[in-house]
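In: generate a structure from the sequence data that follows.
(chains A, B and C)
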Amino acid sequence: MVADLKRKRIVPLQQGVALPSSPLKPLSAPPLQVEQLTLQLGGQSVLQALSFTLPTQGITSLIGPSGAGKSSLLRCLNGLENHWRGSILVDGANVRHWRGGWDQLRRHIGLIAQKPVVFNASIRANVAFGLQGWRTRRRAEALIEQSLHQAALWDEVKERLDAPATTLSVGQQQRLCIARALAIKPKILLLDEPTASLDPRSKQLIEQTMLQLAETMPLICVTHDLEQARRLNGQFIFICDGRVIEQGACEQVLDQPQAIETREFLRWNVCDCD
Amino acid sequence: MRLRLPLDQNFFGKGLVVLLAVPALLLPTLVLCYIFWQAAPVLSWGFVVGATESAGFGMADGIFPQLLGSLLLAVMACVIAAPFALSTALYYRAYASHRQQRLLMVMFNMLQGVPPIVFGLCGLVVLVNLFSWGVSLLSGAVVLAIVVLPLLVLNTLAALERIPQQYSEAGAALGLSTGAIIWRLWLPESGINIMTGLLLAMARALSETAPIMFTATVFSGVVWPDSIFSPVTTLQTHIFYLAQEGNDAQVTTIAWGSAAVLVLLVAAFGLLSRMLQKIGAH
Amino acid sequence: MTIVLVLGFLLYSSWPLIAQQGVAFIVGSEWYPFESLFGMLPALVGTLWAVALALMIALPCGVAAAILSAELLPARLRNPLRFSMELMAGVPSVVYGLLGIWVLLPLLESQLNLLTGRTLLAAGLLLALMILPTIMVLAEDALRGVRQSQREAAKNLGLGWNATLCRVLLPQAWPGIRVATLLASGRAMGETVAVMLVVGSIDRIPEPFYNFLQPAQTLTSRIGREMAEASVGSQHWAALLFCGLLLAVIAIVVSLAAHRKASVVV
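Out: Below you'll find the model as predicted:
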């Protein structure tokens, strides 16, 4: 009975919302919009009323001193942390009510961790790991090749797709992680210092990959490296102490920073935001 | 849009896990409660320290002789096993080559895998008959010592391994000999942890029944063994014989009572070792 | 060295029997000590059955409890669960025997309408209860050993809880679970008094062989029951010692298999 009543009450409402061209979800809704995001971990506030919006494509570099909450922000965005307050809208929809829950959200927003984590399986199996259903995984040859191409790893591993993934070098493992995330075709990709502690060649390859991907989808890249941010050349967000201090086009912020904290950070690599 | 159900696909996986785990969650409590519930009628101080054998076979008022026998056997077993275990563990850490270490490890793992009753059999053949020690306290203690030996060695090794490497290196840097390092650094440092292992071994020795069944115990009639060559009665075998005895109400309650005391005793040793471990950690 | 001594003495003592009858009696199916028939097969089959039943029950339960404790329960509830498991592991086997003979047997008789509750099933259930803590504690350690980063990497790929469990956690914890299973089966095999009280001690291969609702005999229960009756030095005595030898050899093989790679201190 109660369920019936509820359904009756909800249906008319839903009809208004779920029309084919939903008026509440305009086509121009940004792929990711963060408003007043606040996060506390263990009694300490990590993010404080943080707001920003992502363009439909291009790289957004997140810069800030250690402990500014950059990694925590990424973990909030794909739901690894979910005790935050505020709102995160993906394509105009609140992620808390994402269809299919957090797991489906994470298929929509990929996250690449700072240190590569490969599963103890073959390279092939690692790339196909995120696909659902073993039948799909078996027949994913084309997809695996495409993803590995995208991550600029194909040429190095095409001869030994069945070798254990742990035999790859760290730089290769990181690219494998990117290929693995790309195989499930996310709409947004988050990268947490993807090139920290990698050899220059892997670093260069990964940057190329990112630039290529950025032509079709939005990327967020946490980085320590200002030169890298300049090379990636997109939106620039400076975060300190859980707050957005400054944001704008990359070159503009790097060359003519407005906020005093940014200037300090760019010059001496220190920041005093309190 | 459909009504959002609270159960997603993961709900079934989690549900299955919880369902399968239910016995594991309930059984320990259930088992312990049942034992003490059954034992409640006889559990009293008089039951534990009573010793009169007047009522005949197993119908005594108390289980003091059995309790004493159990403790005596366990203590003797540990006293016999401890020097061997300690010296083996020290040899392993201080002198043994890599090859010897591996050999020792394999051997003790093997020894631990051997069922206790096999040691009981050997004890029967060698100690009781070949050495003519008879069914006696000494035979039982030696057999039990062999049963707990691997446990004791592995625990002592674990205790020694907790000593940081720099510690021994600092000692060696001072020009101490290996013997001095053992005496003045290792033993004081890991003494408490070794004691912990000893207590666990006691608990193990207390709960073994099979190996002493033929080697050390008789059903009743002994209050205090005259010498190490006379048989004893123990709680474990007492319970066992009573269980075979039948369904007489008095027998049942005495058996449950003895079981409760035994469980308490073993748990006490376990808890004691846990407390020691905590002290040692500080 | 001890191990060689132990095996040596057992072999030496059971030699009279082997010398007289060869080793064919291992697969004989008749055990009548007074007619000098010492077939080991019934007890062997009984032992295997009891262990297999125990594993069939305890393995799913134990691993599920380990998953529950390692993945689902908050830390506050974890320790009491583990503590209760350790307590249960510490309960002496003879006490389990009491539970078996005065709780489990009547229950089986009334529920399954059996003439006697003393069956392989009873032994299997009792053994399952006894090895449950071993399996759970070791499996939990193995699951905890899986790195947190692996869990998060799986989550980042949008894998749900089920998929993470089946494709990341269990495969990685598998070596630990395998060791747990082998150690537990070794323990179940060597368990004497509890089994002896409930298994029925009838030297017969179950008829048909998959019928676990019949009384049977295990190696340990035979030794426990008949050792006191056999006179020293007789053939019966030698045969029982040979049972012990057989048991020791099987148990050692199992424990070697368990420790083959990982050296686990239990």
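In: in chain A, which spans are helices?
Out: A:2-17, A:70-77, A:101-108, A:123-127, A:134-138, A:141-150, A:154-157, A:170-183, A:200-213, A:226-232, A:250-255, A:260-268 (DSSP state H).
In: now do the fourth one: distance to the chain's middle.
Out: Read that as helix A:123-127. Put simply, helix A:123-127 sits 21 Å off its chain's centre (Cα atoms, centre = their mean, to the nearest Å).
In: show me what that helix is packed against.
Out: helix A:141-150, helix A:170-183 (3 or more Cβ pairs under 8 Å, 6 or more residues apart in numbering or on different chains; DSSP states H and E). C-beta coordinates here come from the backbone N, C-alpha and C atoms, glycine included.
In: 10 Å instead, please
Out: When contacts are defined as 3 or more Cβ pairs under 10 Å, 6 or more residues apart in numbering or on different chains; DSSP states H and E, helix A:123-127 sits against helix A:134-138, helix A:141-150, helix A:154-157, helix A:170-183.
In: let's see the third one as CSV, backbone CA atoms only.
Out: The C-alpha atoms that make up helix A:154-157 are tabulated as CSV, following Å, rounded to 0.1, in the frame of the first residue of the first chain:
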residue,chain,number,x,y,z
TRP,A,154,51.0,-0.8,-27.5
ASP,A,155,54.4,-0.9,-29.2
GLU,A,156,56.2,-1.9,-26.1
VAL,A,157,53.9,-4.8,-25.1
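In: helix, strand or coil for B:V22?
Out: Of the three states, B:V22 takes helix under DSSP: H, G, I helix; E, B strand; the rest coil.
In: my guess is it contacts C:C61. True?
Out: Yes. Here B:V22 lies in contact with C:C61, judged by Cβ atoms under 10 Å, at a distance of 8.3 Å.
In: neighbour count winner among these two?
Out: Neighbour totals were compared for B:V22 and C:C61, and C:C61 leads with 23 against 13 (other Cβ atoms under 10 Å in any protein chain shown).
In: next one: the more buried one from B:A24, what distance?
Out: Taking Cβ to Cβ, to the nearest Å as the measure, C:C61 falls 5 Å from B:A24.
In: shared neighbours, those two?
Out: Shared contacts of C:C61 and B:A24, defined by Cβ atoms under 10 Å, 6 or more residues apart in numbering or on different chains, are found at C:L132, C:I135, C:M136.
In: ok, and the closest non-adjacent residue to the last one?
Out: Leaving aside its chain neighbours, C:M136 sits nearest to C:G62 (4.2 Å; criterion: Cβ to Cβ, 6 or more residues apart in numbering or on different chains).
In: repeat that for the second one.
Out: Using Cβ to Cβ, 6+ apart and skipping residues adjacent in sequence, the residue nearest C:I135 is C:G62, 3.2 Å away.
In: how far off centre is the one helix or strand that neighbour maps to?
Out: C:G62 is part of helix C:41-67 when elements are defined by DSSP states H and E. The chain centroid and the centroid of helix C:41-67 are separated by 6 Å under Cα atoms, centre = their mean.
In: can you tell if whatever helix or strand comes next after that helix touches chain B?
Out: Downstream of helix C:41-67, the next assigned helix or strand under DSSP H and E is helix C:75-90. Yes. Using Cβ under 10 Å from any Cβ of the partner chain, helix C:75-90 reaches chain B at C:L77, C:P80, C:L81, C:F83, C:S84, C:M85, C:E86, C:L87, C:M88, C:A89, C:G90.
In: shaky segments in chain C?
Out: C:1-3, C:21-24, C:26-27, C:34-35, C:208-210, C:261-266 (pLDDT under 70).
In: what does it have sitting close to chain A?
Out: Among all residues of chain C, those adjacent to chain A (criterion: Cβ under 10 Å from any Cβ) are C:147-164, C:167-168, C:171-172.
In: dump the residue contacts of residue 141.
Out: If you meant another chain, say so; for now it's chain A. For A:E141, the contacting residues are A:R124, A:A128, A:L161, by Cβ under 10 Å, 6+ apart.
In: let's do chain C instead
Out: Contact partners of C:D141, counting by Cβ under 10 Å, 6+ apart, are C:A66, C:A70, C:R82, C:A173, C:G176, C:V179, C:A180, C:V264.
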